[in-house]
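J.: Okay, here's the prediction I keep looking at, along with the sequence it came from:
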Amino acid sequence: GLFRNRAWELISLPVSKENEAAVCTSMIAGVTEALAQYPTTTSQDRALLADETLPYRKEMAVRVRLAEKTTLNDVSLYFEQLLERLDGLEYYQERRLRDLGLLDDNGDSTYDDFFKDGIA
């Protein structure tokens with residue numbers, strides 16, 4: 001229940017910019033490789049579907065293949081867009097320091113003065 005939900009929430013949050021970039025790059029590469037395995041392009045599939053003499057079973061197979069490719073392209077686009085937004089994400093270290101009250105809302109340290117004044 002509650003622990004599982006909290007654990008799932010935590011593991012879905014960004015860890016570090018480097019980690020997120022590696023995930024994005026890996027996913028894009030995997031999708032590119034998967035798309036390269038298909039014997040036709042999406043344009044060729046659309047052309048096949050425009051043929052009114054295409055047998056029903058072949059039409060259904062082409063529709064499934066086209067849907068798979070569309071989904072893969074959507075996944076690639078998602079990770080390409082995420083890769084462009086990495087600078088704006090909050091990562092584990094920032095979240096943790098903020099939770100401890102060691103970063104303010106602007107992301108600035110709240111403990112610099114602590115060391116500067118010789119307290120520590």
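T.: Perfect, I can see it now.

J.: Please give me every residue in contact with A21.
T.: A21 makes contact with 83, 86 under the criterion Cβ atoms under 8 Å, 6 or more residues apart in numbering. C-beta: built from backbone N, CA, C; applies to glycine.

J.: what's the spacing between it and T70?
T.: Distance of A21 to T70, given as Cβ to Cβ, to the nearest Å: 26 Å.

J.: Work out for me the element the residue most central in space within the chain sits within.
T.: The chain has F79 as the residue nearest its centroid, 4.3 Å off, counting by Cα atoms, centre = their mean. Assigned by DSSP states H and E, F79 belongs to helix 56-84.

J.: Just the mean pLDDT for that helix, thanks.
T.: For helix 56-84, the mean pLDDT works out to 98.

J.: Tell me the gap between the next helix or strand after that helix and the middle of its chain.
T.: Counting by DSSP H and E, the next helix or strand C-terminal to helix 56-84 is helix 92-99. In terms of Cα atoms, centre = their mean, to the nearest Å, the centre of helix 92-99 is set 21 Å apart from its chain centre.
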